[in-house]
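> one predicted model, sequence on top.
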Amino acid sequence: MATDRKIAERVQDLQSRARDYGLLEIPGYMVWSERKLSDGESEALIAHLDATNMWLLPEEIDTVGVAEFEELLADLKIQIGET
């Protein structure tokens with residue numbers, strides 16, 4: 001179980017090192033989005049995701065992949081009532 005001190009250290013680390021990364025900066029996103037477009041996905045939805053950011057630590061960038069991109073797209077479709 002995390003102590004209050006450990007939690008505070010984690011929060012301080014996040015506040016000092018984490019930043020917004022555009023999906024366009026995340027490895028693999030462009031290949032995924034281009035594939036989605038060629039499969040007929042809405043250009044507007046992909047453009048929306050192109051402008052989306054994720055707040056991450058630098059070492060977390062490589063942990064974001066296709067599953068997260070698919071989840072973001074699915075969530076967006078739910079938000080606009082497409083599904």
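Thanks, I have the structure now. Numbers count the residues shown, from 1 in each chain.
> and the residue positioned nearest the centre of the chain, bridged to which residues?
Residue closest to the average C-alpha location in the chain (Cα atoms, centre = their mean): Met54, at 4.6 Å. Here Met54 shows beta-bridge partners Tyr21, assigned using DSSP bridges.
> show me where this protein has strands.
When secondary structure is read from DSSP state E, the chain shows strands at 19-22, 53-56.
> dump those to JSON lines, plus mean pLDDT and distance to Ser42.
Using the backbone N, CA and C atoms, a C-beta is placed for each residue, glycine as well. Listed next are the strands of the chain as JSON lines, based on pLDDT from 0 to 100; distance: least, Cβ to Cβ, whole Å:
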{"stretch": "strand 19-22", "mean pLDDT": "96", "distance to Ser42": "19"}
{"stretch": "strand 53-56", "mean pLDDT": "96", "distance to Ser42": "20"}
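> most tightly surrounded among those strands?
Of all the strands of the chain, strand 53-56 has the most neighbours on average by mean count of other Cβ atoms under 10 Å, namely a mean of 15.
> could you dump it to CSV, C-alpha only?
These are the backbone C-alpha positions of strand 53-56, laid out as CSV (Å, rounded to 0.1, in the frame of the first residue of the first chain):
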residue,chain,number,x,y,z
ASN,A,53,-3.2,15.7,-26.5
MET,A,54,-2.3,13.2,-23.8
TRP,A,55,-0.7,14.2,-20.5
LEU,A,56,2.2,11.8,-20.0
